[in-house]
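[1] pasting the structure only:
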């Protein structure tokens, strides 16, 4: 058996001398009795392995991003639409994707959106619109990921919103209360 480094050096010498790839495949390894195509494949594999080892010694693979960290998504449940979710997240795309994924994302952020609202009627309108879109997405027969987002109980969410709002007001009583100014047109 030949040393892979010798085989890689032979491969490089043949390449530099101008031999074509056809010439490499036509010549077999006389010592081991391998077929010509196999000898060329072994030489290529040895060359690649040698190039990798040289790059490691030079430090080309040091300080790569993610070095020493676990691979993302290992051990989690299998999601057939992982690639589209990752693309949407990495590109910060909004409004794109299957309704099931969009609704899950909106559901996660819905409490924060509700907390920005000042009136109970606005909170109810947002929740009713969200529930309507969840029901529509569940009725779709176009395929895609299943809609697992549940509609929200409007009365319970309004009560939770009011409790969060009261807690915010109690924690910061010194802040001035903003009042809306009404602008009247004079005709």
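    Perfect, I can see it now. Just so it is clear, the structure is predicted and the values come from calculations on it, not from any experiment.
[2] switch to C-alpha atoms for all contacts and neighbour counts from now on
    Will do.
[3] from residue 97, how far off is residue 87?
    Distance from residue 87 to residue 97, counting by Cα to Cα, to the nearest Å: 10 Å.
[4] what's the first helix or strand after the lowest-mean-pLDDT helix or strand in the chain?
    Lowest on mean pLDDT, DSSP states H and E among the helices and strands of the chain sits helix 21-26, with a mean of 45. Under the assignment DSSP states H and E, the closest C-terminal helix or strand after helix 21-26 is helix 36-58.
[5] for that next one, buried residues please.
    For helix 36-58, the neighbour count (16 or more other Cα atoms under 10 Å) marks 36-37, 39-40, 42-44, 46-47, 50 as buried.
[6] now residue 12. Nearest residue, chain neighbours left out?
    Nearest non-adjacent residue to residue 12, counting by Cα to Cα, 6 or more residues apart in numbering: residue 47, 8.0 Å away.
[7] isn't that neighbour up against residue 15?
    No: the criterion here is Cα atoms under 8 Å, and residue 47 misses it with residue 15 at 11.6 Å.
[8] which is the next helix or strand following the strand or helix carrying residue 126?
    Using DSSP H and E, residue 126 maps to helix 120-139. Using DSSP H and E, the helix or strand that directly follows helix 120-139 along the chain is helix 154-171.
[9] now do that next one against helix 120-139, angle only.
    Helix 154-171 and helix 120-139 meet at an angle of 140 degrees, taking axes from the mean of the first three to the mean of the last three Cα atoms, to 10 degrees as the criterion.
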